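1. sequence below, structure please.
(2 chains)
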Amino acid sequence: MSWRWDRAKESLGEELEFHLKMAIAERVARGEDPAQARVDVLREFGNLPLIVDVTRERRGWLWLENLLHDTRHACRPLRRAPAFTATALLTLAFGIGANLGVFQLLYSVILADLPVVHPDELVSVHAAHSPFDQGWAVSYPAYQRLRASSSDAPLLARASSGEAELELPDHTMTKPKCELVSDNYFSVLGVLPAAGRLFIEADARQTQGEWPAVLRFDFARDTFGSTERAIGQHMLLNGRSFIVVGVAQRRFLGVVTGYAPDIWLPLALQSTGRFDTGFDSLGPGHDVTLSKPWYNQPTIFWLDLIARVPPARRAALVARWDRVFRPDRELMTEATADPVVKSTLLRATTELVPLNRSHGGMRKRFSGPLTLLMALSASIFLVGCLNLANLQLARLQARSHELGVRMALGASRGRLLRQIVLEDVLIALVGCALAFILGRMACSILIRWASSHHSRLTLDLHPSPLVAVLGIGLMLLSLLFFSILPGIVFMRTTAAQLAGSRAKVTGVSQTATQRWRSNVLLATQVSLSLLLSTMSACFAATLVHWETIDVGMDREHVLSVHVDMQQYRYAGENREVLPELFRRIQVRLQALPGVRSAAVEMCGGIHCWWNTALYVHGRSDLTNGQVHGQEDHVGPDFFATTGIPILRGRDFSAADTDTTQRVAIISRTYARQLFGDADPIGQWVGYEPAPHDQKFQIVGEVADARLNGSERDAPPMVFMSIDQNPAPAHSIQVRAVGDPGQLSNSVRQALHEVDPALPIDEIVPISNELNGDLGTEKLLARLAGVYASLTLLLVAIGFYGVMSSRAARRKNEFGIRLALGATRRHIQMLIVGQTARILLAGILPGTILSILAMRSASHFLFGSVSANSAAIFAACLVLALAGAVATFIPARRAAYADPLESLRSD
Amino acid sequence: MAETPKYQNRIELLQGTLDMLVLQALVREPMHGYAIAQAIRSRSGEVLQVETGSLYPALHRLERQKWVKSEWKLTESKQRGKYYQLTDLGKQQLATDHQRWLQLVCAIGAVMAPEVQP
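-> Model (predicted):
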């Protein structure tokens, strides 16, 4: 662009030059002396550059040319001050990038709608609370009837199926997440295929040959190279053969935020028994046979329903569905003996909840922490801007000589301001571009932090216009804060006084107002930094608390082996071989050096949630709240292995077999729930009310343990013997003498020797398992930690910058003081004292801010405000240390400068 | 030379007239800037002196309005000069300006006439 300006300017110069020559030539022709002629012509001509300027202005675009010129001019000081430029760029990149990253996450988790047409028409159908899990699942027969009764409101069903074993044609194995869905799943949602086709009605009836599968876009691309290549591929899933019929549109990641299935499969696959799905049922003894197909069992609840209904038609539809669903409600009442629960269940009506507000486990869990993080990100942005404003003022101060001279030479105040701002516009633009990149990276790091061992998060991070608007808004805001406002303030106060006064131009002294201004900026930074440091300390303490809390088990020495016995040979009719297999496993593992004991367990970790009910023989007055608890089937030595103490009675023994009396062991909480303070040993219990309440005899009582994860309260537990109630084991616990992690290879080897076909998912220390759900706590602690260190750095830079420029300006004064007998210590104390006063001024409001913040975030913190006040104290100490270190260097430099040199230099 | 070089003000004062004079000067043949100034001076009997500081801004303004177009050519003395040429648009503009000028002269004449007669 600029070469055109230059050429136009050159051409004008040549034209005027030609004019001059012609005029001179004419005068010479008239007989004048050439030299004299030139002088005369030039006088007649007037101010040549001014003519050029005016002429160019006539042509227009002069302002743009000026702008380009100013831009070029602006690059020069930036190159000359690399430290400032780098600090500013990094501050903006981190300050804006952090906000963008967190906001992108907030947007993806909370604000974004499904990427389909009219997402507002989609509703979750909440028909009735299922008996034990209190979820919203319904049975397959109920789904069929509801769907048939509403041709005007298409209804889909889905069931998460966890992970499946996938074998590709080239024999590579992976574990994708699967979801079983009804044939109309994609058509009701309005999802389009990226390649191939999605499910059609015929897919629901397929019972032999290859099953159809639809893949998620990214999964298809990562597995097969491209979506087109995925179509028609054959693969084995849990031993069944499948063909890929289609790939869903790129941004569709399923209906549950954060949980993105890799493969969608037809619902009918349930009847193969090879795909585990979450379920609830009326409980044992209510005509429930889990090992048979579920599609004709109205007593198993496993389908979540979603319908597409415009708001206007919802009321009529709910009334119709309530009539259709009535028999299912009546059936559900059989699961309880509690009359209150029964009548509530019968009185309840179907609810239609907008899809973007239901399925909100993730939303509910993250909206609080993310909002909090947004606030923290905003404060780090603010700290960054204040810091830059302070540096900017110091920088302008240093340039006041130059600016004053330029004003004296006639530069307009507006144009100077424009140049100052332009320099910063460049910084802001580049900083903002960096911030977008950083935000993107931050977002994926945040997702990794927030993902726990058990819930890998997959989110749609599609850049949204809102994020771009936020980024540009923050950039403009930062520009206002660190460039325009300081520029205006500087121009108004300082530059005006400089213009005429030679004395001031040479030795610019900082006025009291200027000092006060930069002190206030620094103190504000200190307050905000204190806030962030305190929060960071609190979050870290909370995380440590959950990671080290007494879980009622030996969390240091136990290794959890997750096995997948549901598949292949151990499922269904082969169950009678299980007790023998378990015995072999236990014997083999206990023979390993370094192993104290080993035990098998039905539950496979903290997400087991096998809800159950126990009715006590001879008691008919128990409410639902008393009878409900969780159940697990465990092998002998389970309690010795996990370190759960037996309080009363005995452990399971080899004598408890299929042919002897069924026995149970309950936890302290469950015992208190059912029997109060009475001795539970010897009591008779059963899954159903009388007359079936004498199935088990309680033989032991154990202490409470946090089996659902370290941050959740210990559940009321009942343990049954896995030998008496054969069930596939999902985990094998191994107690080591020392570090359990070192045993994993020998354990794997030993299990392989027992049964080479036993599928081992993973081997983890039980502490990892128990801390597996600490996603938000980890996210908060880590991000707040990063923020706190960043602000500490910024505050240190701020103190260093301000104090060293002040020390440099006061060099003369220090020289005189030293000459008059002040000690070096005295000079140092002068500077350190200033820092101390600023720190104190910042710490007081910062403490109040921190206390307020801790109050409002108490939901995410463990312990009370007063318990966390140690965090404030620690943060103050760290801040004071950072300030002192940053000030120490300039203070030392000032104190050890040669006084003669200082006095002579000016 | 005027006391203060406030070209902009002067151009505003002379604007309409100067443009018309320049366009008129170019009616017969393309000319360079110096020749235009000379032409106006000689035809006005040395009364109208067009200053460089007014002439070139005017020329560039006329060019931007597409009333004249310019071209670098060699003069008789083999020097490179920028020649300006009237465009069709410029001819129309000249006609309009001339018409307005005549009206203005008439009107001013009519206003002045009674004052002159006793």
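2. from here on, just use CA atoms for contacts and neighbour counts.
-> OK.
3. isn't A:Asp761 right up against A:Met565?
-> No: applying CA atoms under 8 Å, one finds A:Asp761 not in contact with A:Met565, separated by 10.3 Å.
4. looking at the two, which has the bigger crowd around it?
-> A:Met565 (20 against 13; other CA atoms under 10 Å in any protein chain shown).
5. nearest spatial neighbour of that one, chain-adjacent residues omitted?
-> If the residues on either side of it in the chain are set aside, A:Met565 comes closest to A:Pro728, at 5.5 Å by CA to CA, 6 or more residues apart in numbering or on different chains.
6. tell me which element the one you found falls in.
-> Under the criterion DSSP states H and E, no helix or strand holds A:Pro728.
7. report the separation between it and chain B.
-> A:Pro728 is 89 Å from chain B, where distance means CA to the nearest CA, to the nearest Å.
8. was I right to think that residue contacts A:Pro579?
-> No: using CA under 8 Å, A:Pro728 and A:Pro579 do not qualify as a contacting pair, with a distance of 9.6 Å.
9. comparing these two, which residue is more hemmed in?
-> Counted by other CA under 10 Å, A:Pro728 and A:Pro579 do not tie: A:Pro728 has more neighbours, with 24 against 20.
10. what helices or strands is the helix ranked longest in chain B leaning on?
-> Using DSSP state H to define each element, chain B has its longest helix at helix B:88-116. When contacts are defined as 3 or more CA pairs under 8 Å, 6 or more residues apart in numbering or on different chains; DSSP states H and E, helix B:88-116 sits against helix B:7-25.
11. grab the nearest non-local neighbour of the single nearest residue of chain B relative to chain A.
-> Per CA to the nearest CA, B:Pro57 is where chain B lies closest to chain A, at 4.0 Å. Distances taken as CA to CA, 6+ apart put A:Thr55 closest to B:Pro57, at 4.0 Å, once the chain neighbours are dropped.
12. one more: A:Leu78?
-> A:Thr85 (6.0 Å).
13. ok, that neighbour touching A:Ala428?
-> No: using CA under 8 Å, A:Thr85 makes no contact with A:Ala428, being 10.2 Å away.
14. which one of the two has more residues nearby?
-> Each of A:Thr85 and A:Ala428 has its neighbours counted (other CA under 10 Å); A:Ala428 has more, 27 against 19.
15. looking at chain A, what residue ends up closest to chain B?
-> Closest point on chain A to chain B, by CA to the nearest CA, is A:Thr55, at 4.0 Å.
16. so that residue is in contact with B:His60, correct?
-> Yes: at 6.6 Å, A:Thr55 and B:His60 qualify as touching, with contact defined as CA under 8 Å.
17. now do stretch A:548-559: distance to the chain's middle.
-> Mean-position distance between stretch A:548-559 and its chain equals 27 Å (CA atoms, centre = their mean, to the nearest Å).
18. oops, could you answer that again for stretch A:780-789 instead?
-> Relative to its parent chain, stretch A:780-789 has a centroid offset of 13 Å by CA atoms, centre = their mean.
19. hang on, the earlier thing: and the helix or strand containing the residue of chain B closest to chain A with helix B:88-116, angle?
-> Secondary structure assignment for B:Pro57, by DSSP H and E: helix B:52-64. Orientation check (axes from the mean of the first three to the mean of the last three CA atoms, to 10 degrees): helix B:52-64 against helix B:88-116 gives 130 degrees.
20. counting by contacts, list what helix B:52-64 packs against.
-> Applying 3+ CA pairs under 8 Å, 6+ apart, one finds that helix B:52-64 contacts helix A:48-58, helix B:7-25, helix B:33-43, strand B:68-74.
21. now that helix against helix B:33-43, angle please.
-> Going by the same axes, to 10 degrees, helix B:52-64 makes 110 degrees with helix B:33-43.
22. in helix B:52-64, what's buried?
-> Within helix B:52-64, the residues scored as buried using 16 or more other CA atoms under 10 Å in any protein chain shown are B:Thr52, B:Gly53, B:Ser54, B:Leu55, B:Tyr56, B:Pro57, B:Ala58, B:Leu59, B:His60, B:Arg61, B:Leu62, B:Glu63.
23. okay, the angle between it and helix A:48-58?
-> 20 degrees.
24. alpha carbons of helix B:52-64, as CSV, please.
-> The C-alpha trace of helix B:52-64 is given here as CSV (Å, rounded to 0.1, in the frame of the first residue of the first chain):
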residue,chain,number,x,y,z
THR,B,52,1.5,27.9,-7.2
GLY,B,53,0.2,27.2,-3.8
SER,B,54,-3.4,27.5,-5.1
LEU,B,55,-2.8,26.1,-8.6
TYR,B,56,-1.6,22.6,-7.8
PRO,B,57,-4.1,21.9,-5.1
ALA,B,58,-6.8,23.1,-7.6
LEU,B,59,-5.4,20.9,-10.4
HIS,B,60,-5.3,17.8,-8.2
ARG,B,61,-8.8,18.5,-6.9
LEU,B,62,-10.1,18.8,-10.5
GLU,B,63,-8.4,15.6,-11.4
ARG,B,64,-10.0,13.8,-8.4
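25. if anything else comes up later, I'll come back, but that's it for now.
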